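>>> structure, please.
(chains A and B)
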Amino acid sequence: MSTELADHLRALSDDALGALLRLRPDLITPVPTDLAVLAVRAQTRVSVARTLDTLDRFTLEVLDAARFTRSPSDGTTSAAAIVAMACAPTGGPEPVRVTEAIEKLRARLLLYPASPADPDTLRLVPTVDEVCSPYLAGLGRPAAELDTAAELAGAVVALVTDPARLRRTLLAAPPAARAVLDRLAEGPPVGTTTNRTEPVAWLLEHHLLVETTEGSVELPRELGLLLRRDAGPLGPLHPLPPAVSAAPRAVTTVDRAGAGQAMTVLRHVEDLLEALSEEPAAVLRAGGIGVLPLRRLAKAAGIAEPLAGLLLETAAAAGLIGELELGSELAFLPAAGYDQWRVAPLPQRWTLLAGAWLAMPRQPGLAGQRDLKDRPLTVLSPQLERAGTPAVRRSVLTALGELLPGTGPDADELLEWLRWQAPRRLRGREDLHREALAEAADLGITALGALTGYGRALVEQAVAAARDEDPLGRRPEGELAPEETPVAVALAKLLPPPVDHVLVQADLTVVVPGPPEPALATELDLLAEHESGGGASVYRVTAASLRRALDAGYAGPDLHALFARRSRTAVPQALTYLIDDVSRTHGGLRTGTATSYLRSDDEGLISAALADRRLSGLQLRRLAPTVLVTPFSSARLLTSLRDAGYAPVPEDATGAAVLTPPKVRRAAARPALEPSPDALDAPGLTAPRLLGIVEEIRRGDARARAARRAPAEVRAAAGQPMSSLTAVQAHTHALAVLQQAVRDKAKVWVGYVDAHGANASRLVRPVSIGAGYLRAEDDRTQTLHTFALHRITAAAAAD
Amino acid sequence: MTNGPLIVQSDKTLLLEVDHPDATACRMAIAPFAELERSPEHMHTYRLTPLGLWNARAAGHDAESVVDALLRFSRYPVPHSLLVDVAETMDRYGRLQLLNDPAHGLVLRGLDRAVLVEVAKSKKVAGMLGAQLDPDTIAVHGSERGHLKQVLLKLGWPAEDLAGYVDGEAHPIALRQDGWQLRSYQREAMEHFQAGGSGVVVLPCGAGKTLVGAAAMADVSATTLILVTNTVAGRQWRRELLARTTLTEDEIGEYSGERKEIRPVTIATYQVLTTRRNGTFPHLNVFDARDWGLIVYDEVHLLPAPMFRFTADLQARRRLGLTATLVREDGKEGDVFSLIGPKRYDAPWKDIESQGWIAPADCTEVRVTLSDAERLSYAAIEREEKYKYAATVKAKLPVIEALIERHSDEQVLVIGAYLEQLHEIGRYLEEKGVAAPIVHGGTTNKERERLFDAFRDGSVRTLILSKVGNFSIDLPEAAVAVQVSGTFGSRQEEAQRLGRVLRPKGDGRQAHFYTVVSRDTIDTEYAAHRQRFLAEQGYAYTIVDADDVLSGPAGA
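You can find the predicted model right below:
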C-alpha cells in the first residue's frame, strides 16, 4: 500500500506536491529523503491525526462515508459511491458540497487514487481507521463482530439477517426500550448500565443490544442502520456551520465600548505595577506571587483577583515585570521597560499588552486552582505554562473575525461554531476557549461579544506573523514605527487625544479632562495625589503633596507658575494660599550632620576660635553666634584647642562639664590567689559518690573493650582483605552470618561503610533482614539501626 | 468621538463638566441614578453605587435608560465592564417582591426562582420566612417585614415592597395656602413621595422641608407621628403646622422630656424615644398609642441606631424621611433605604439656591496667628488636648469682634463647641460694648424661646450658640455666622451650621459664613476638611489672614 501511495506521489506535479506540503507541514520536519519516506510518514498516526484535527465537521462526516463505502474485498471506494451515500436521504447535503469535501480529503492525501490509470477508484489511508473512533459514523460494530460470546450462540446474527423478524422485534419493543435504542442510534452506539434497568434488560433479552463487557452494551450496526433509515446511514449531516443568532451591532458601538475597556485596562495595569513598585512581591520558592500579595495588588488597583492575575500575567509577558534580588530574597517588580511604556501613547501601550497576551503560552485562569499534587497554582509561576494557549486564542478571535463585523455571539454559540470548524481540536478544551474569550473581553480586544475593529487588525497581524511569507522573515508591520501599526492607528482614532491642561477647583482637586500628556502626568504625580482614573484623571493637592514638590526642588513661585500655565481656569484662592502657606513653613527647620560642637557664652571668644588659623584643620562652621560645629571628634577638638592655647572643657549629653583628672595607664585587673584546701585531699568524697564513680569507670572500660574487640576481619574488611576471601565472598559470608544471627538472636560485629565512605563497625543484635536492609538493635544505646545490605562489608559473631 | 460633558471613571465616579452646553441635560439624565458627591465650580463628581442604582430602579428607571444616558453624554468610550456591571446591579432590584397575599398574608415572591432559592437558603434569613407556598412564593412572618428587607439588601437582592400600607385613623388635615404657595420643588417632592408610598426626600436646610412634611400630611389626612431631633425643633414644627395648615392647638401634641401628650398629630423627640431605663425603652408605646397613618422622620441622617430597630416594626405604616443629606457618618445608608424607603426626591443645593429660595453664602476662613507663648504651650500639651487649646486661643477674640464690627448692620450668630470659650467671648464682647447673650445646652427651653424671639424681632443683634445651634433652629434673620470651634471638622455639622445662615433673606442679601482658625495647628487641619466640604458643595471659599480682618476696610 505504501508503494501505491508513493507511486501516487511520484505522479503528482510539483505544484500539487507543494500544495500537499503546505496543507500538512509536519511532513517536512525533517525534510524526507525521498518520496517513499514521505509516503510512509504521511501514513503515521501522528501525522494523520494532526491532519484530521484541522478538518471541519462535514469533511469528517464525508470521511466517515468514505470509510463506510469501502468494498470489503479490496478496500477501495469511489467518489460516486461516497456522494451517493452522503446524499442518500432526502434533504441531505448538495452533492457539490460532498465533492468539495472529497477534494479536501484528497488534497490532504487521506484519500488517493488506487492507481494512476484509474483516478476514480479511491483508496483510504489505512491509518485513518486507527486514529478515528471505532464507531464509524456513530454506528456500532456489525453483529458478526459483536456476536462472539458463547451464550449468544449466533442469536444476534440470526436476528439481524432476518429483516422481517428484526422489524417485528423492533416494533414489539416497549416505548422506554425504544427510547434507549433511538438514543444509541444517534451515536455513540455504546452505553453503560450500572444497574440494569428494565428496558435495557428487555433489549438484551431480545438481542437488540449486545453486552460487550460487564456493564456496557452496544447497538449492532445493522440495527442502527435500520433505525436511521430516515436520516440516512450516516445520520444527519452538517454541511454548513451553525448559524449565529446574534444580530450585528453598529461597529462604532462595539469599537467604543472596546476602547473604553482598553483604557480601563491600561489604567488597571498601571495601578498594579505602581503598587508592585511601591512594595515588590516576593517570588515564592516554587515561583509565582503568593495569594496575599496578589490580594494586596488587586485591592490597590480596585479590581477582582482573577482580573489582577490576568493583567499581571499579561504585563509580565509584555516584559513589564521582572525579578530582582532584593536583600536576601527574589522579588517581582516592574522591569526597566515599564517606565518607557508608561509614557508611551495609549494605543501603543495597549498594542504591546494585547500582542503579549496573544503570544503568551500561559493560562492565567488556572491561578487559584490546585495542581494534581494539591499544590496551589499561583500567578506568574511556571506551572501556568500551557503551550497550546496562543493557538486557542488565535482560533477564538479568528472565528469571531469571520462573522459579520459587530456580531457578538454568546460563548456557547461561538463554541458550537468552533466545534463545527474543527471538532477534534475542540474536544476537551471548551474551557480553554471560554477562558480565552473572557480574557479577550477583559482586555478590550472584544466588546459586547464582538471583535473590535482594532482587535481585528491585531488578529490579522498575529496570523500574518504566524504565516510569515517573506524568505528573510521580514514582516511588513515590523518596518512600521510603533505608532503606525494598523492596530495602534485604529485604536488611536477611538481613544481621546492626550491633553496638556487641567482644571483646578476650590476643593483643591485638579482634573485632567482626558489622558494626560507624559510631561503633565509627571508633574502632577509629584505635586498632587492621584485620586481617580479612567477617562479623566483626578488629582488632589494636599499640603503633603506640595511639600513633596518643594522637597524635589520646586520653589513656591514655580508652583504658582506651573498651576497658572497648566490650568485652563482661574487658580482658586484657596490653592494660592495653600502654596504660600506650605512654602512659608518649608525649610523652617534644618538638619545636618556634625560630630562635635564648640560653644561659648562669649561671642567674641567663638569668633576668635573661628578665625584662628591654627584651628583651620578642624573645619569649624558657625551655626549660631555662640555655636561652632566640626566634623571631627570631640577628643580631637579638645586636643587641638588645648594645643592652640585655649582652655576648653568637654560637656556630656546634659550639658554638664566633664572634668577628669589625668589617668595613669594600667593593665587589666587580675585576681589574687587565696589559700584553699588541697584538691588531692578529696574533701567531700563520700562513699556513694565513690561507688558511682567506680561503676562509671567500669562501664566505660567495658565500652572501650567492646570497641577494641571488634574482630580484625570486621574492622579491616573493606580496604585490605585479611583473609583470602574476595570482597564478594566476604559479603556473602557476612550475609550468612547475619541470617544465622537473626535466627539465634545473637550479637554480631558488623563492618560497614558509612554515609561518608568511612569504615565503621558496630556490635549489634540483628532483628530482621529484608528489602535490602538489615535491622538490628544496639544494646548499648537501646536504638534500632538500619543498615543497607550493600554497605555491609563483613560480619562476625560476637564472643 | 462625541464631545459630551460626562467623563466616566474606572472607579465608578462620573465627572460632569459644568460649563459644557449639554451639562444641564446631562445632569437631568444622570441625577436619578448617580449620587452627587461633590459640586465644586468646574467639575461635578457623581458616584454610581448599588444603592443609587436601586433608588433609580425603585423610581421606575431601567438599566437601558441608565446605559443610554451614560453612552449619550460620555465624552470618551465607556468601558464595557462598567455597562455590564450597571445592568447586572439594577437587575437585582425587584427580583424579589414583598406582597400581601389575601390568603396567606405577607409573602415573598421571586420573579426569578433561582434567586428565591438562593436567598431562602441563606442563614441570615433564618426564622423570618415561613412555609413555601408554591415554587415562587414563601410566606413571611408579618413582624419580620422590615428585618427581611434589611437582610435582603445586605444579600444584594433588595426586595420591592408592594405589600401596601394601613390607612390609619383618618383625620382631616389641609394646607391653608393664604398668601403663600408650595414652591414648585416642594410640590414635586410631595408628589414623588405620594407615588412611592414611603421614602426619603432630600432637600437642603432652609429649603422648606417642614412644608413638604405638612403637604404629605394633608395628602394622607390621617393621624401623624412626627419624630424630631429635639424639643426646640419640635416647637418649630408645631409653629409651622399651626401657621400653614388647618390644624389647631388642640390637635397637636408634644411628646418630649417635659410633656407627654398624645394627640392626632404628635411630635416626639428621638431622645425621649431612645431613653433607656433598666434596659427597656419605656416610651415605645407612643408607636402604638394610636393607629398612625403617617410617620415623619425629620433629619433622617441623624436617626439614632435604635430607631432603626423600632422602624423595622412599623413597615405597614407610611413613612416619610426628610433630610439635607443621605450621607450618614456611620454609613447606615442601606438601613435608611430598606427601612424608611428609597430616595424619592433630591434637588442639588446650588439649583435651589439659584432659584432664590436659600441665600447664597460666601465662605471665609480667617487664620489667626498664635502668640509665641501660645505656640509654646500648644507644642507642649497632650495630643487629646491640642484641638481644644488651638480652637479656644485668646487670639481669636479680637477677630470675632472685628467681624461683628464689619457686619454691624446685620444679625450675627457666633457658633462654638466649648462653653468656656463661649462665655469668654460673651464677656469680651460685652467689654467692647456688644451685647451677646449665650444659648447653650443648659439654657432652659423657656429662656431659649425668649432669646430666639428677641433675635427674630431684631432686639438682639448678636447671639452666641453652642452645639444646640447645630440642629433645627430656625433663625431666618441671621445673615452672618462666625464659627469659632467645632467637632473635629464634621461635614454634617458644617452643613447644619451653614444652614443657619442659608435661610432666604427678605432682600436677597449675601450670607456670610466665617470660620476662625488658628494657624499651623490641628485647628487648621480640621478646617481643611470643612473647606473641602464647602468647596465640594460649590461655595466660594477664601482664606484670609487675621491681620487683613483687623486692619482691612469693613464690608466684603
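>>> okay, now A:L320: neighbour count?
Residues near A:L320, counting by other CB atoms under 10 Å in any protein chain shown, number 27. Every residue, glycine included, has its C-beta placed from N, CA and C.
>>> contacting residues for it?
A:L320 makes contact with A:269, A:273, A:334-335, A:337-338, A:341, according to CB atoms under 8 Å, 6 or more residues apart in numbering or on different chains.
>>> get me the contact residues on chain B for chain A.
Residues of chain B lying close to chain A by CB under 8 Å from any CB of the partner chain are B:1, B:7-11, B:13, B:15, B:17, B:38, B:40-43, B:45, B:71, B:74-83, B:520, B:528, B:531-532, B:535-536, B:540-543.
>>> which segments of chain B make up each domain?
B:6-92, B:96-161, B:184-353, B:359-551 (automatic domain parsing).
>>> indicate the residue of the stretch 601-750 of chain A located nearest to chain B.
Nearest residue of the stretch 601-750 of chain A to chain B (CB to the nearest CB) works out as A:A624 at 18.5 Å.
>>> relative to A:L598, how far out is that residue?
Distance of A:A624 to A:L598, computed by CB to CB, to the nearest Å: 11 Å.
>>> of the two, which one has the most company?
A:L598 (24 against 10).
>>> show residues contacting the helix or strand harbouring the more buried one.
Using DSSP states H and E, A:L598 falls within strand A:596-599. By CB under 8 Å, 6+ apart, the list of residues contacting strand A:596-599 from outside reads A:606, A:609, A:620, A:623, A:626-630, A:632-634, A:637, A:641, A:648.
>>> each with direction, which strands does it pair with?
When pairs are called by DSSP bridges, strand A:596-599 turns out to pair with strand A:627-630 (antiparallel).
>>> now do the buried residues in the partner strand.
In terms of neighbour count (16 or more other CB atoms under 10 Å in any protein chain shown), strand A:627-630 has its buried residues at A:628-630.
>>> what residues are up against the residue in the stretch 201-350 of chain A that chain B sits nearest to?
Going by CB to the nearest CB, chain B is nearest to A:G260 of the stretch 201-350 of chain A, at 3.4 Å. Counting by CB under 8 Å, 6+ apart, A:G260 makes contact with A:444, A:447, A:535, B:8, B:76-80, B:82.
>>> what about B:S551, distance to B:A402?
Taking CB to CB as the measure, B:S551 falls 9 Å from B:A402.
>>> output the lowest mean pLDDT helix or strand found in chain B.
In chain B, the helix or strand scored least confidently by mean pLDDT, DSSP states H and E is helix B:349-354, which has a mean of 64.
>>> report the residue ranges of every domain in chain A.
A:2-132, A:137-227, A:251-492, A:503-585, A:596-643, A:709-797.
>>> and the ones you listed as CSV, adding mean pLDDT?
Output for the domains of chain A, formatted as CSV (pLDDT from 0 to 100):
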stretch, mean pLDDT
domain A:2-132, 81
domain A:137-227, 78
domain A:251-492, 85
domain A:503-585, 88
domain A:596-643, 88
domain A:709-797, 75
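>>> right, so of the ones you listed, which gets closest to B:R95?
Between B:R95 and the domains of chain A, the shortest separation by CB to CB is 21.3 Å, and it involves domain A:251-492.
>>> regarding chain A, what is its longest helix?
helix A:251-278 (DSSP state H).
>>> can you list the weak-confidence ranges in the stretch 451-556 of chain B?
B:469-474, B:488-492, B:496, B:499-508, B:552-556 (pLDDT under 70).
>>> which helix or which strand is home to the closest residue to chain A within it?
Proximity of the stretch 451-556 of chain B to chain A (CB to the nearest CB) peaks at B:A535, 3.5 Å away. Applying DSSP H and E as the criterion places B:A535 in helix B:522-536.
>>> swap in B:A481?
Going by DSSP H and E, B:A481 is part of strand B:478-483.
>>> may I ask which of the contacts of A:L320 has the most neighbours?
Neighbour counts for the contacts of A:L320, by other CB under 10 Å, peak at A:V269, which reaches 26 neighbours.
>>> just list the residues touching that residue, thanks.
A:311, A:314-315, A:320, A:353.
>>> burial count for the closest residue to A:T593 other than its chain neighbours?
Closest residue to A:T593 apart from its sequence neighbours, by CB to CB, 6 or more residues apart in numbering or on different chains: A:P631 at 7.5 Å. Neighbours of A:P631 under the rule other CB under 10 Å: 12.
>>> may I have the residues that are in contact with the one residue in the stretch 101-250 of chain B that gets nearest to chain A?
At 15.4 Å from chain A, B:G156 is the closest residue in the stretch 101-250 of chain B, using CB to the nearest CB. Going by CB under 8 Å, 6+ apart, B:G156 touches B:50, B:92.
>>> beyond the longest helix of chain A, next helix or strand please.
strand A:281-282.
>>> list the contacts of the very next helix or strand once past that next one.
Next helix or strand after strand A:281-282 toward the C-terminus (DSSP H and E): helix A:291-301. The contact list for helix A:291-301, computed with CB under 8 Å, 6+ apart, reads A:268, A:271-272, A:274-276, A:279, A:281-282, A:289, A:304-305, A:307-309, A:311-312, A:376, A:378-379.
>>> repeat for stretch A:451-462
A:251, A:254-255, A:258-259, A:351, A:354-355, A:358-359, A:394, A:397-398, A:400-401, A:403, A:405, A:440, A:444-446, A:477, A:485-487, A:490-491, A:494.
>>> ok, now which ones touch the residue lying closest to B:Q483 once chain neighbours are set aside?
Closest residue in space to B:Q483, ignoring its immediate chain neighbours: B:T515 at 4.6 Å, by CB to CB, 6+ apart. Neighbouring residues of B:T515 by CB under 8 Å, 6+ apart: B:363-366, B:482-483, B:527, B:530.
>>> whichever residue of the stretch 1-150 of chain A sits closest to chain B: what's its closest spatial neighbour, skipping adjacent residues?
Relative to chain B, the nearest point of the stretch 1-150 of chain A is A:D56 (31.1 Å; CB to the nearest CB). Nearest residue to A:D56 in three dimensions, chain neighbours excluded: A:Q421, at 5.4 Å (CB to CB, 6+ apart).
>>> tally of neighbours for the one you found?
18.
>>> again, but for A:K493
13.
>>> and it, how far is that from A:T252?
Using CB to CB, A:K493 is found at 11 Å from A:T252.
>>> three-state assignment of B:V366?
Under DSSP: H, G, I helix; E, B strand; the rest coil, B:V366 falls in the strand class.
>>> neighbours around B:V434, how many?
With other CB under 10 Å as criterion, B:V434 counts 18.
>>> now it: which helix or strand?
Counting by DSSP H and E, B:V434 is part of no helix or strand.
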